[in-house]
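K.L.:
What shape does this take:
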Amino acid sequence: MSRLRAFAAFWYDFVIGDDWLVAVGVVLGLAGTYGLHQAGVTAWWLLPVLLMLLLPVSLRRAISGPLFPRRTPGQRRPQASPRTPPAS
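P.N.:
This next block holds a predicted model:
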């Protein structure tokens with residue numbers, strides 16, 4: 001059972017990754033491309049357009065996350081360690 005759980009965790013992390021919104025967008029884009037194709041519309045353009053829209057959204061969510069905390073104007077910088085030479 002442990003191997004099955006590890007296998008499922010790998011695929012979840014591989015498909016979903018860091019941003020579930022992009023994964024959902026790709027699935028919806030594939031479904032939309034299929035639907036347009038079934039309706040007789042040339043739909044090769046849908047996924048590139050969708051990804052061009054999703055990429056900035058994903059980058060914005062990644063940048064504004066806790067990985068890069070924003071500093072407020074009144075926030076002080078941390079003190080330098082005693083071994084750090086003074087800046088000139």
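
K.L.:
Leu47 against Leu28, yeah?
P.N.:
No: because the distance of 10.1 Å does not satisfy C-beta atoms under 8 Å, Leu47 is recorded as not touching Leu28. For glycine as for every other residue, the C-beta is placed from the backbone atoms N, C-alpha and C.

K.L.:
so what sits against both of these two?
P.N.:
Contact criterion C-beta atoms under 8 Å, 6 or more residues apart in numbering; residues shared by Leu47 and Leu28: none found.

K.L.:
For Ser58, the count of nearby residues, please.
P.N.:
16 (other C-beta atoms under 10 Å).

K.L.:
any idea which element it lies in?
P.N.:
helix 46-63 (DSSP states H and E).

K.L.:
For that helix, output the C-alpha coordinates as CSV.
P.N.:
The C-alpha trace of helix 46-63 is given here as CSV (Å, rounded to 0.1, in the frame of the first residue of the first chain):
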residue,chain,number,x,y,z
LEU,A,46,-7.1,27.7,-28.0
LEU,A,47,-4.4,26.1,-25.8
PRO,A,48,-1.7,28.6,-26.7
VAL,A,49,-4.0,31.5,-26.1
LEU,A,50,-5.2,30.0,-22.8
LEU,A,51,-1.6,29.4,-21.7
MET,A,52,-0.6,32.9,-22.6
LEU,A,53,-3.4,34.1,-20.3
LEU,A,54,-2.6,31.6,-17.5
LEU,A,55,1.2,32.2,-17.3
PRO,A,56,1.0,35.8,-16.0
VAL,A,57,-1.7,34.8,-13.5
SER,A,58,0.5,31.9,-12.3
LEU,A,59,3.6,34.1,-12.0
ARG,A,60,1.7,36.8,-10.1
ARG,A,61,0.4,34.2,-7.7
ALA,A,62,3.9,32.8,-7.2
ILE,A,63,5.6,36.1,-6.7
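
K.L.:
Would you map the helices across the chain?
P.N.:
Using DSSP state H, the helices found in the chain span residues 2-16, 20-38, 46-63.
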